[in-house]
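Trainee: sequence below, structure please.
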Amino acid sequence: MAARTEESTLGYEQARDELIEVVRRLEAGGTTLEESLALWERGEELAKVCRHWLEGARARLDAALSGGGDGDRETDDTADSDD
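Mentor: Below is the predicted model:
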């Protein structure tokens with residue numbers, strides 16, 4: 001339930017930037033096993049938030065491409081050919 005709340009409060013850029021920092025810290029090493037596991041878990045949460053935002057953006061693009069633009073053009077072409 002906490003992840004779902006976080007999805008609605010964290011923006012894509014915020015989640016992406018924090019995820020970059022988590023990866024940087026993991027790659028740098030020097031953390032205990034417990035700290036590494038906590039960072040990994042946080043990274044997984046942040047990746048889900050980013051994926052949620054990207055899927056939403058993709059759905060909006062798909063809807064815009066399939067809904068408004070093509071349908072209006074076909075209607076205009078049909079109206080011109082009937083005259």
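
Trainee: okay, now the unreliable bits of this structure?
Mentor: 1-8, 68-83 (pLDDT under 70).

Trainee: where exactly do the helices run in it?
Mentor: 2-9, 12-28, 33-64, 70-82 (DSSP state H).

Trainee: residue 31 reaches residue 24, doesn't it?
Mentor: No: using CB atoms under 8 Å, residue 31 is not in contact with residue 24; the gap is 11.6 Å. Placement of C-beta: from N, CA and C, glycine included.

Trainee: more neighbours, the two?
Mentor: residue 31 (13 against 10; other CB atoms under 10 Å).

Trainee: how much space between that one and residue 25?
Mentor: In this view, residue 31 and residue 25 are 7 Å apart by CB to CB, to the nearest Å.

Trainee: cool, residue 45 as well?
Mentor: As defined by CB to CB, residue 45 lies at a distance of 15 Å from residue 25.

Trainee: have a look at these two and say which one is more surrounded.
Mentor: residue 45 (19 against 16).

Trainee: and the nearest residue to residue 46 once chain neighbours are set aside, how far from residue 65?
Mentor: What sits nearest to residue 46 in space, not counting adjacent residues and going by CB to CB, 6 or more residues apart in numbering, is residue 19, at 4.0 Å. Distance, residue 19 to residue 65, by CB to CB: 28 Å.

Trainee: same check, this time on residue 23
Mentor: Counting by CB to CB, the gap from residue 23 to residue 65 is 33 Å.

Trainee: those two: who's more crowded?
Mentor: Neighbours per residue (other CB under 10 Å) separate residue 23 from residue 65, with residue 23 holding more: 15 against 10.
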